[in-house]
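In: I would like the atomic coordinates for the input below:
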Amino acid sequence: FFDFVKHTMSDSDKPEFKLFKSLKKAIRVENTTKVLKYADQLLAILPGDGMVEQCKITALCREGRYDECLEFMDASPNSSEFVYPRAWILYTQRKYKEALAMLETMDESQLATIDLKAQIYYRLEEYTKAMELYSKVRETAGAMTDERSTNMMAVAAAQAVQTGTAPQSVLDEATTAKKTYEHTYNCSCVQLAVGNVQKAATLVATATQQCTDLLAEDPEIPTEEVEDEMALLYASQAVVAQLQGDTSTATEKYQQVLRIRPSDRSLSAISANNLISLNNERDVFDSRKRMKLVADQTIMSTYSSAQRQVVQLNQCLLLLFSNKVRECRARCEELKEMYPDSIVPDLILAYAFLKERKSKNALERLKETMHEAASTNKVYALVLAQEHARRGDLQGAIEYLNLHDIKYQPSMAGYIMAGYSKLKARDSAAKFVDAAVEWWQAQPGTTKQSTLVQLLRASGEFKLERHDYKGAAERFSKIAQGDHKALACLVLALAHIDVASAEEYSATLPALELDDTAPLDLVKLEELKPTSKSLKTRIDFERLSQMPSAVAPTPKKSASRRKRKGKPPKELSPKGPDPERWLPAWQKTGAKQRQRQLQQHRYVKPTKGKKGKGKVKSSVSSGTQGSSDITAEELRYIAAMINCCDQHLVAAVIRVGVPVLVGLCSMVFSRALDTMCTRSAHVGT
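Out: So this is what the prediction gives:
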């Protein structure tokens, strides 16, 4: 464009000279509004000028006015030349297939075309084709810029997530930090996709430091923009912490991203989804609120197919944790149709069956769902085996485990052998060990050696117990070199079939470690008694009793010991224990009578009435002795009479009643009694 402007400036008298000069200045400062203004003025003077039209198309795309740009290109006489801008606009409108079809007509030697085509393949999730294009660019000298390398790492990370692997050359390149933090961040994504969490953590920390240093160079950048730029790295730190098992750090980082509210809403949605996975069955109400953000349709359109599948499965699990079992089942059936290759919906259905406590036929429903597929899918077989084992059905669990070669793995093989031993199926266990030995012998590699040695030893021991000495000798002969225990077992097996070979191998056994200098005490050896109780059980009494020259020993019977009766407690009555000893006191016989006797001697504290006059209510009801309700003045009068012990005492007693005297305080009552005893002559009879 600048060469064209320089050429047209040769004649400064033309009216478009100043317009070209202004257009050049607007392009340099990236002022799209002025670019459009001067381009329209130039097209009015020079209609159909291809270079000016290109400037206008670029400016319209910068401002996001794609429909207007397409209308302008359709109306232009140079419409056939604007293939790349049309494809780029279709790409931004997410019409990837139409854009790809348009790019097929262009020359692939142009780097811009290759870049856009690789981006379209990336959006269509055809990562292998995108990687092939970047591999061609890498072969061109000087064509692989930092930006293209960054995009290539993004494609490699997505390919590793989809297939589990990535090109070795890319993996080697993704081990070190790069110049830009975006490139380093994409390298960490590649390492995460292939399972190198520790290396990914190092690269994420380096990318965070690079971004911090870059933003610190310009102190005029607002804090909001800095946090928005750092939000992606915070989310990456949270993912690494979650994979490393540090749930507290992961939760803190995810919440930090949500507080920032980044401009990329999909980043907030992914953080919310990962928080839901951390909560699991906890905080279901909070998870349901976050799921509304994650499952928003405008954000779901930006996810990859793998991300959409994860979100939909999490929605299904959240329904299950919310005890909405019917909705969960219906959703699982939909997901099975959407993702026929995924086994997760079936696993969620299985968990829903087991979660229902009212369902008595959960195992039968599991079999209906998974029995046919258990023979081809080991995950289904493991689920059914686990449920059989949980119910105590070891035979059923072993049957499902035997459907796949996973049964020969060390942990599974040990479980199956333990199950056979518990079922007392020694023959089945021996056959299983032999099959496991044959399977491991056919496997390539050196990692099988330790497992094969363990299985050979177990197979030899089983054969020794079944008196298959030839088979046992064959097993132990393969592992006897350098293993004294296996060599001893080999000698024991050969002693029954080949004595000469047994003696030959026994000569290679290590000598007993004895102290030849110490004298051997024969008397102590004779006095030693066998410590093993198993010697008694080894005697065949029936066989010895049938021998004519032998007397069968009879085992000693243990003397029966009489158990003494325990001493009865001292408080026990001769009549036996009280039948009402476990009843509360108020329910026992005579409880009401004892309660009535206690009430007769109870003192009730006087309480004041409304007008301040004290009034006492005796706990004894009215009877032949008179009324029990007296006033405070009468009580003080009686107390004074008792203290004085004059002749008015008899009259007071007759008027108030004997029960009143019982209700007096103990100090006054005792003083009155002492006085009455000394002055009885004044009272009379």
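
In: What degree of burial does residue 600 show, as a neighbour count?
Out: Per other C-beta atoms under 10 Å, the neighbour tally for residue 600 reads 11. (Glycine included, C-beta is placed from N, CA and C.)

In: quick one: low-confidence ranges for the stretch 551-685 of the chain?
Out: Applying pLDDT under 70 to the stretch 551-685 of the chain flags residues 551-563, 565, 570-573, 601-685.

In: where does residue 275 sit relative to residue 203, distance-wise?
Out: According to C-beta to C-beta, to the nearest Å, residue 275 and residue 203 sit 24 Å apart.

In: Looking at those two, which is more packed in?
Out: Shown here are residue 275 and residue 203; by other C-beta under 10 Å, residue 203 has more neighbours (26 against 22).

In: Give me the secondary structure label for that one.
Out: helix (DSSP: H, G, I helix; E, B strand; the rest coil).

In: Now the host helix or strand of residue 72: average pLDDT?
Out: Per DSSP states H and E, residue 72 falls inside helix 66-75. Across helix 66-75, the average pLDDT comes to 84.

In: residues making contact with it?
Out: Applying C-beta atoms under 8 Å, 6 or more residues apart in numbering, the contact partners of helix 66-75 are 53, 56-57, 60-61, 79, 82, 85-86, 89, 92-93.

In: what comes up buried for that helix?
Out: Across helix 66-75, burial judged by 16 or more other C-beta atoms under 10 Å covers 66, 69-70, 72-73.

In: Export those as JSON lines, with columns for distance to residue 599.
Out: Below are the buried residues of helix 66-75 laid out as JSON lines (distance: C-beta to C-beta, whole Å):
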{"residue": "66", "distance to residue 599": "99"}
{"residue": "69", "distance to residue 599": "104"}
{"residue": "70", "distance to residue 599": "104"}
{"residue": "72", "distance to residue 599": "109"}
{"residue": "73", "distance to residue 599": "110"}
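
In: Can you tell me which of these is nearest residue 576?
Out: The closest of the buried residues of helix 66-75 to residue 576 turns out to be residue 66 (C-beta to C-beta; 102.6 Å).

In: what sits up against the helix or strand following the helix holding residue 72?
Out: Downstream of helix 66-75, the next assigned helix or strand under DSSP H and E is helix 83-92. With C-beta under 8 Å, 6+ apart as the contact definition, helix 83-92 has outside contacts at 57-58, 61, 66, 69-70, 73, 96, 98-100, 102-103, 105-106, 112-113, 116, 119-120, 123.

In: Swap in 6 Å and give it another go.
Out: 57, 66, 98-99, 102-103, 106, 120 (C-beta atoms under 6 Å, 6 or more residues apart in numbering).

In: Give me the nearest residue to residue 467, chain neighbours excluded.
Out: Once flanking residues are discounted, residue 467 sits nearest to residue 496: 8.0 Å by C-beta to C-beta, 6 or more residues apart in numbering.

In: count of neighbours near that neighbour?
Out: By other C-beta under 10 Å, 14 other residues sit near residue 496.

In: next one: residue 387
Out: Using other C-beta under 10 Å, residue 387 has 21 neighbouring residues.

In: which residues does it contact?
Out: Residue 387 is in contact with residue 363, counting by C-beta under 6 Å, 6+ apart.

In: Please, which helix or strand holds it?
Out: According to DSSP H and E, residue 387 maps onto helix 378-390.

In: name the helices or strands packed onto the helix or strand that that helix is followed by?
Out: Per DSSP H and E, the first helix or strand lying C-terminal to helix 378-390 is helix 394-401. The helices and strands touching helix 394-401, judged by 3 or more C-beta pairs under 6 Å, 6 or more residues apart in numbering; DSSP states H and E, are helix 378-390, helix 410-422.

In: just to revisit the earlier point, from the buried residues of helix 66-75, which is closest to residue 284?
Out: residue 66 (43.0 Å).

In: any idea how far that closest one lies from residue 439?
Out: Distance of residue 66 to residue 439, computed by C-beta to C-beta: 62 Å.

In: One more: residue 317?
Out: Plainly put, residue 317 is 37 Å away from residue 439 if you go by C-beta to C-beta.

In: Between those two, point out the one with more neighbours.
Out: residue 317 (22 against 16).

In: Spatially nearest residue to the more buried one (excluding sequence neighbours)?
Out: Using C-beta to C-beta, 6+ apart and skipping residues adjacent in sequence, the residue nearest residue 317 is residue 348, 6.4 Å away.

In: Put the alpha carbons of the host helix or strand of that neighbour into CSV.
Out: Under the criterion of DSSP H and E, residue 348 resides in helix 344-355. Extracted as CSV, the C-alpha positions of helix 344-355 are listed here (Å, rounded to 0.1, in the frame of the first residue of the first chain):
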residue,chain,number,x,y,z
VAL,A,344,-19.9,-42.5,31.9
PRO,A,345,-23.7,-42.3,31.5
ASP,A,346,-24.0,-46.0,32.3
LEU,A,347,-21.8,-45.6,35.3
ILE,A,348,-24.0,-42.7,36.6
LEU,A,349,-27.1,-44.9,36.1
ALA,A,350,-25.4,-47.7,38.0
TYR,A,351,-24.6,-45.3,40.9
ALA,A,352,-28.2,-44.1,40.8
PHE,A,353,-29.5,-47.7,41.2
LEU,A,354,-27.2,-48.3,44.1
LYS,A,355,-28.0,-45.0,45.8
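
In: Point out the other elements, helices or strands, that that helix touches.
Out: The contact analysis (3+ C-beta pairs under 6 Å, 6+ apart) places helix 344-355 against helix 305-321, helix 325-338, helix 362-374.

In: Centre of the chain to it, how far?
Out: Remark: helix 344-355 is offset 16 Å from the chain centroid, using C-alpha atoms, centre = their mean, to the nearest Å.

In: ok, now stretch 268-278?
Out: Distance of stretch 268-278 from the chain centroid (C-alpha atoms, centre = their mean) equals 14 Å.

In: Equivalent analysis for stretch 19-39, please.
Out: 58 Å.

In: tell me which residues in that stretch are buried?
Out: Those would be 19-20, 22-24, 26-27, 32, 34-39, for stretch 19-39 by 16+ other C-beta under 10 Å.

In: Adding distance to residue 242, write the residues you listed out as TSV.
Out: Below are these laid out as TSV (distance: C-beta to C-beta, whole Å):
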residue	distance to residue 242
19	58
20	57
22	55
23	53
24	52
26	49
27	47
32	43
34	49
35	47
36	48
37	52
38	53
39	51
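
In: which one of those sits closest to residue 136?
Out: For the buried residues of stretch 19-39, the nearest to residue 136 is residue 27 (31.7 Å; C-beta to C-beta).

In: Grab the nearest non-local neighbour of the closest one.
Out: Nearest non-adjacent residue to residue 27 (C-beta to C-beta, 6+ apart): residue 35, at 6.0 Å.
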